[in-house]
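Peer 1: Fold the following.
(chains A and B)
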Amino acid sequence: MNTIDIIYPMLLYVGLLIFFGLVIISLFYNKNLIRFLNGIFTIAFWSVLAFFLFQISMELFTDNGSFKASENGRMHSKGHYSKGYNVPVKIDLYISPPKEELNYKKDSTNQSTSSITFSRFINPNDNFFKDNIPGNFNKQRLEAAGLTEKKLDSFFKNSSGIKITGNKLQIGFSFEKNQFLKTSTSSFTTEGYLNIKSSNWFFTLCQLIRSYIPFIITLLILYQLKSIFKLLKKEFNFSLELSKKIKFIGFLLVIGQLLTLTLSVIFSFYFKYAGFENTSQNNGIRLNINPSIEFDITLILVGLSLLLLSILLNKGHHIQQENDLTI
Amino acid sequence: MAIIVNLDVMLAKRKMRSKELAEIIGITTANLSVLKSGKAKAVRFSTLEAICKALECQPADILEYQKE
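Peer 2: Below you'll find the predicted structure:
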């Protein structure tokens, strides 16, 4: 490796470290913090606005939410009326170990694979090994699967789990059972979105509101934050305007969450036509997709706290005024 | 307000300018004009003391109560 290849990334890393260090240190000064936040929110506001306008114009002026941007590329928008809109869902994925599976440790005499565990089926006809003894191969089975002993051995050397499903040899994805570990059913739950296009005007209207309201609320909040920090940059003081702006942000947060909650409840009424439950891919995997109630209690609490803060700021403004007029 | 500030009268009697007084008592002219115009909500005892000292008068010479 060339020395320059090491030095340049190192220099870059050290430079970045110093830069961010200075930024963080400088933020401890009130004035700098306000300037920094003002910059951040200004940039955020304009970028969200640009994205919003892009989205709206794609919706209005294109047929399918994409246009030819260059010779060999198309630009796509996030959602379009022709494709339908996202509806919030909860996805549950259950994975359970196949029941027929048994695990055997390979012979310890074979040094290179002594620590490897591999899986096989109880049914002797499905096994590559006769009488459950590793190394004692079932020739018929091997030939049927188009394998040789050597090839099979190499599989075992390189993979921790091997299973036979029908005629196929499946490598990987195994639940290992030994005296230390026992894997039972595992489940993964995640929040996601299902793209749904509906011919029902009410449902589509709800979807439209659902996909554009967060945008508008974010824009309004960013605008307010931008102007709050501009105000504070000008004069670091209590003011009626500050209190009003904070109150507005609080209301927006609460109303936005309540609206999202209402919409997700409406979606869940319609959901029996769109979702699915208990879809089995094979014995081991089960997939559920259900409507999820979108509701962030944290944001509501933050919104309510902001409302309280605005009342406090209002009081602060009065006290400030009184203090200013005391000579 | 029912309390009237007669600072102008006292300043005229002592033939002193507002700016001079402001400098002596150590407040800004803007604040002094707030006090003179009657917009002030309160007067600190320290300010009152300084004014009385500078103009050689009593608080009653500066402040007056009138029924609204």
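
Peer 1: so what's B:Val5 bridging to?
Peer 2: B:Leu63 (DSSP bridges).

Peer 1: who's in contact with it?
Peer 2: Listed by C-beta atoms under 8 Å, 6 or more residues apart in numbering or on different chains, the contact partners of B:Val5 are B:Leu35, B:Lys36, B:Gly38, B:Ala40, B:Ile62, B:Leu63, B:Glu64. C-beta coordinates here come from the backbone N, C-alpha and C atoms, glycine included.

Peer 1: tell me which of those is nearest to A:Arg74?
Peer 2: B:Ala40 (68.8 Å; C-beta to C-beta).

Peer 1: Name the SS class of that closest one, please.
Peer 2: coil (DSSP: H, G, I helix; E, B strand; the rest coil).

Peer 1: What does the pLDDT read for it?
Peer 2: Looking at B:Ala40, its pLDDT stands at 86.

Peer 1: quick revisit: now restrict the contacts of B:Val5 to buried residues only.
Peer 2: Buried subset of the contacts of B:Val5 (neighbour count, 16 or more other C-beta atoms under 10 Å in any protein chain shown): B:Leu35, B:Lys36, B:Ala40, B:Ile62.

Peer 1: and the third one, backbone torsions?
Peer 2: Dihedral angles of B:Ala40 (phi, psi; degrees, to the nearest 10) stand at phi -60, psi 140.

Peer 1: coming back round to it: lowest pLDDT pick from the contacts of B:Val5?
Peer 2: B:Gly38 (82).

Peer 1: any idea how far that residue lies from B:Leu48?
Peer 2: B:Gly38 sits 15 Å away from B:Leu48, going by C-beta to C-beta, to the nearest Å.

Peer 1: which parts of stretch A:252-260 are buried?
Peer 2: A:Leu252, A:Leu253, A:Val254, A:Gly256, A:Gln257, A:Thr260.

Peer 1: whoops, stretch A:208-226 was the one
Peer 2: A:209-212, A:215, A:217-219, A:221-226.

Peer 1: what does chain B put close to chain A?
Peer 2: Counting by C-beta under 8 Å from any C-beta of the partner chain, the positions of chain B adjacent to chain A are B:Ile27, B:Asn31, B:Leu32, B:Val34, B:Leu35, B:Lys39, B:Ala40, B:Lys41, B:Ala42, B:Val43, B:Arg44, B:Thr47.

Peer 1: Can you tell me the element residue 52 falls in?
Peer 2: All of this refers to chain A. helix A:30-61 (DSSP states H and E).

Peer 1: oops, chain B please
Peer 2: Using DSSP H and E, B:Cys52 falls in helix B:45-55.

Peer 1: picking up where we left off before, need the buried residues of stretch A:208-226 in a markdown table (columns: secondary structure).
Peer 2: Below are the buried residues of stretch A:208-226 laid out as a markdown table (three-state DSSP):
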| residue | secondary structure |
| --- | --- |
| A:Ile209 | helix |
| A:Arg210 | helix |
| A:Ser211 | helix |
| A:Tyr212 | helix |
| A:Phe215 | helix |
| A:Ile217 | helix |
| A:Thr218 | helix |
| A:Leu219 | helix |
| A:Ile221 | helix |
| A:Leu222 | helix |
| A:Tyr223 | helix |
| A:Gln224 | helix |
| A:Leu225 | helix |
| A:Lys226 | helix |
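
Peer 1: which ones are touching the residue of the stretch 1-150 of chain A found nearest chain B?
Peer 2: The minimum distance from the stretch 1-150 of chain A to chain B, using C-beta to the nearest C-beta, falls at A:Lys31 (23.2 Å). Contact analysis of A:Lys31 by C-beta under 8 Å, 6+ apart lists A:Lys233, A:Phe236.

Peer 1: For it, give me the pLDDT.
Peer 2: 77.

Peer 1: next one: A:Leu258
Peer 2: The model's pLDDT for A:Leu258 equals 92.

Peer 1: Distance check, the nearest residue to it once chain neighbours are set aside against A:Pro214.
Peer 2: Once flanking residues are discounted, A:Leu258 sits nearest to A:Ile300: 7.9 Å by C-beta to C-beta, 6 or more residues apart in numbering or on different chains. Separation of A:Ile300 from A:Pro214 (C-beta to C-beta) stands at 15 Å.

Peer 1: from the buried ones among the contacts of B:Val5, which is closest to A:Phe202?
Peer 2: Once C-beta to C-beta is applied, the member of the buried ones among the contacts of B:Val5 that ends up nearest A:Phe202 is B:Ala40, at 61.4 Å.

Peer 1: from memory the closest one sits against B:Ala30, does it?
Peer 2: No. B:Ala40 is beyond contact range of B:Ala30, at 11.6 Å (criterion: C-beta atoms under 8 Å).

Peer 1: ok, back up a step: now the two most distant members of the buried ones among the contacts of B:Val5.
Peer 2: B:Ala40 and B:Ile62 (11.9 Å).

Peer 1: how long is stretch B:49-68 end to end?
Peer 2: 27 Å (C-alpha to C-alpha, to the nearest Å).

Peer 1: Buried residues of that stretch, list them for me.
Peer 2: Of the residues in stretch B:49-68, B:Ala50, B:Ile51, B:Cys52, B:Ala54, B:Leu55, B:Asp61, B:Ile62 count as buried by neighbour count, 16+ other C-beta under 10 Å.

Peer 1: got the contact list for the last one?
Peer 2: Shown in contact with B:Ile62 (C-beta under 8 Å, 6+ apart): B:Val5, B:Asn6, B:Leu7, B:Met10, B:Leu48, B:Ile51, B:Cys52, B:Leu55.

Peer 1: Give me the nearest residue to the third one, chain neighbours excluded.
Peer 2: Okay, so that is B:Leu7. Using C-beta to C-beta, 6+ apart, the nearest residue to B:Leu7 is B:Lys36, at 5.0 Å.

Peer 1: was I right about B:Asp61 contacting B:Met10?
Peer 2: Yes. Taking contacts as C-beta under 8 Å, B:Asp61 lies within contact range of B:Met10: 5.7 Å.
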